[in-house]
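Colleague: Sequence unavailable; structure follows:
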């Protein structure tokens, strides 16, 4: 691995990188994840609840698995990145438990220099493995990376196709016979989520520098923009930028109110960090129900959901449009919208409701 | 559970609520509790010390058990609360260990609309259970709750009697034959605490937003006033309010200097959060010895103590009165006093001192 | 132990103190250590990597062991200290694992009142033990301590000799047959570190109040200057001072980039906190290779390294001198240099590189 991390010039397609450093997940990570994000899904914080659903004990929260695997890849892919652009076809392939050790491998798939010439976009596919070399996670992402030498054009122009949606073939949730709604506090089951409906989540969460820094360090994600105020002072924003994954976690935790019975994430079809977030911002979230997917089983169904995070506007009190028209007549994301995530959640069906 | 939480109108007496979400306690929670509060009681951080006192290993700190059980009840009782008013007859009924899963049940006991008509007081009794359905904690509390519709009077006026003191019948500490004072650094035993004495605790602790938010999220306590600066900006204080339980924990941790040999809390007779605390405030504490209670055993006695937390005045350097006279001639708490807790601690007796 | 801690007058030589409070290390401490410092050494965060090197599972990070043992001693030695001055002959004697309970004993070795008469320097030697009474750590330190009565001279003037270097006789690393560089991302082995070379570490880390307070509380280090803004307001700096050990940990974590294959610290020859650090400062670090020490084994060698931490200047972009000449013509540390640590690291040799 290159000291100071790779730059755009180093990340041409066709490389397969074994990303350091292997990491064992522990109860400490789980508690910190709750303390930093506010996660309340009982599947991830109650051994009893998890056992009642057929697990040996509480598995690790999907997003914590994502952050740990993602964190492995930063040194080689995005240490010198001003921002992550998007995700596609992310699949949570297998439960991870405390004591499991995760590692990652990343393949570079394409690259394109931007018109300004000082950065480029790199497309990669990352797979996370456990200590038995079983795949636990895979995802595609594309990320802006600084050039080492902005003055010398690379003519890199190789944009790969990204999957439009995630496969759900891997979904293999234990068979449920009875789902206890008193444990979650939520009444709504799979059948109750009508496509087209927008669920406002009533809470808001203000972010602090110490919080996002601790979260990002926990994942051993070392991207410069999150930690180095001395450097960031002279950047465009003048401030440290919150790791986009922290925004996903906080927004997802806020969405528990309204999606209480969610059994976890199965996949992401795609997602974008649409605007930067900074310490001091207050995050809110809403969820749009995009699709109800019948998995052909009587106990559990899937929901395709759009999780939108917005800062400093409370969408449960004030109407917020996802997109607005700019002065130039072009549509873009509302400047307060910071996340647009299209994902698939698992939900118990009415037949098992107790 | 109602999305956005219950309001005063929803909380009439006679309801028995199974509070979501069950929560397994772990070593991660224990470490975070120490990092966030500064707790140093060796019973809760040393397996060796705990074994020497007859425990299988270090139990979970009493106050961490309290916060976890309390946190369960927030969604239904106090999500829309501007402040918790008081506690009565709290009993720590049984040790809790890492790996135990806690849940809570809350019964609504009474309610009274305030004269202004925009809020009301609700009285409840909460019981915390472990995974074997054994009671580990019980307490009464009363809490201010916002009305959904401030314009429509409820005429609610049903104030229940609260127990004046906690029963100590449950106290069942293992028999001690030898107590090693070198492990705690404290000389004073049960007999050395003279009723009427005030113990100043020499240290002070400044609170940060990230700290109280992390603590409160760890307990999965989601009350709005602690996290949502966007909303709090237009509130009376203009700021996030620190969870009152965090104040109890920090003040109790400060009180270790002077109460080093305390074996833990047995019960609270009562307690009040007398003024709000904000990030940036520095907490200090003193303890008044109210009563020495002989438990009829030679190794361990009980002390009834009054723990007072005060902000931004160091009571070890400057005399602070608990109560002061206002301009209206009425006595009230000193404006810097933020906690007045009347509790019962267990202390080893001289007969076992080594 | 004295309420409010010992003062200089209490710390004359010849005392042997059993420092409270025993502390069991857990997975929670490990996760918090990573979240607070950014540590990435896989030996301390991957059970698989540790097993491949002959350990039963991941041991506790050396510096976390140091902080926990150091924290035990603060109540008696440095609660009333304006600053720790130096360390000598520190040795990590034995691996510590989660579940181990550490305690400390400290011997006072010498004292000298300062010319101004309001403080004095105290020299001590501390030994950390595990629950089997095996020594896991030892170190000498000297520390400035406030006098209780600045007006009364003590005439204390007894300066002991400190060891100039740490013994390495205790070094007993498991025999390695194969070292997998893909797990660390680093190419350089023991032979590649040329004495005289300066390694700039490319990253910077901005410190927050909540972070250093959480770290210092985790170690149950209660020194007043780190936590009590109410008191510090009227001090010379007007601010809380970051625990010097946190600076060592953050600087060491930054030094992972360039020293990826380090197997851990074996010893410190000496070290000084050369200037105070405050929240808001951004830390950078460089390492100077002082000496390559052949341990007489083919798999592992030792490196004597000088780790320098500097604040608010990026030494990878701007030349920084360790020492500068003051207006008085005397040489002193550059005002932005905050740590100068002379330590011995273990490194795998080329013969085992894979």
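Modeller: That came through, no problem. Since we're looking at a predicted model, the values are computed, not measured.

Colleague: buried sites along stretch A:152-159?
Modeller: Residues of stretch A:152-159 classed as buried: residue A:156 (neighbour count, 16 or more other Cβ atoms under 10 Å in any protein chain shown). C-beta here means a position set from N, CA and C on the backbone, and glycine is covered the same way.

Colleague: Report the contact partners of the residue lying closest to residue A:279 once chain neighbours are set aside.
Modeller: Leaving aside its chain neighbours, residue A:279 sits nearest to residue A:209 (4.1 Å; criterion: Cβ to Cβ, 6 or more residues apart in numbering or on different chains). Contacts here follow Cβ atoms under 8 Å, 6 or more residues apart in numbering or on different chains; on that basis residue A:209 touches A:240, A:279, B:210, C:206, C:208.

Colleague: neighbour-wise, which of these leads?
Modeller: Most neighbours among the contacts of residue A:209, by other Cβ atoms under 10 Å in any protein chain shown: residue B:210, with 27 neighbours.

Colleague: measure that residue to residue B:75 for me?
Modeller: Distance of residue B:210 to residue B:75, given as Cβ to Cβ, to the nearest Å: 23 Å.

Colleague: so what's residue A:167 up against?
Modeller: A:89, A:91, A:267.

Colleague: Sorry, slip of the keys, the one I care about is residue A:241.
Modeller: A:83, A:225-226, A:232, A:276-278.

Colleague: which one of the contacts of residue A:209 is nearest residue A:97?
Modeller: Among these, residue B:210 lies closest to residue A:97 (Cβ to Cβ), at 28.9 Å.

Colleague: I'd guess that closest one is in a helix, am I close?
Modeller: Yes. According to DSSP: H, G, I helix; E, B strand; the rest coil, the state of residue B:210 is that of a helix.

Colleague: Please spell out which residues along stretch A:338-354 are buried.
Modeller: Neighbour-count burial for stretch A:338-354 [16+ other Cβ under 10 Å]: A:338-349, A:351-353.

Colleague: quick check, residue A:308 in a helix?
Modeller: No. Counting by three-state DSSP, residue A:308 is not found in a helix; it is strand.

Colleague: Show me how far stretch A:315-333 is from its chain's centre.
Modeller: The chain centroid and the centroid of stretch A:315-333 are separated by 23 Å under Cα atoms, centre = their mean, to the nearest Å.

Colleague: Flag every residue of the stretch 1-150 of chain A that's near chain B.
Modeller: Residues of the stretch 1-150 of chain A lying near chain B by Cβ under 8 Å from any Cβ of the partner chain: A:26-32, A:34-38, A:40-42, A:45-49, A:58.

Colleague: Need the nearest residue in space to the closest residue to chain B within chain A, chain neighbours excluded.
Modeller: Closest contact between chain A and chain B, by Cβ to the nearest Cβ, is at residue A:31 (2.6 Å). Leaving aside its sequence neighbours, residue A:31 sits nearest to residue B:28 (Cβ to Cβ, 6+ apart; 2.6 Å).

Colleague: Spit out the contact partners of the one you found.
Modeller: Counting by Cβ under 8 Å, 6+ apart, residue B:28 has contacts A:26-32, C:26-28, C:31.

Colleague: picking up where we left off before, so for the residue nearest to residue A:279, what's the pLDDT?
Modeller: Looking at residue A:209, its pLDDT is 98.

Colleague: ok, now residue A:10?
Modeller: pLDDT, residue A:10: 97.

Colleague: Let me see the mean pLDDT of stretch A:169-181.
Modeller: On average, stretch A:169-181 scores 94.

Colleague: Sorry, slip of the keys, the one I care about is stretch A:264-279.
Modeller: 97.

Colleague: Please tell me how far it is from the chain's geometric centre.
Modeller: 5 Å.

Colleague: that older thread, need the contacts of residue A:209 in JSON lines with distance to residue B:263, can you?
Modeller: As requested, the contacts of residue A:209 are exported to JSON lines (distance: Cβ to Cβ, whole Å):
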{"residue": "A:240", "distance to residue B:263": "45"}
{"residue": "A:279", "distance to residue B:263": "41"}
{"residue": "B:210", "distance to residue B:263": "32"}
{"residue": "C:206", "distance to residue B:263": "42"}
{"residue": "C:208", "distance to residue B:263": "36"}
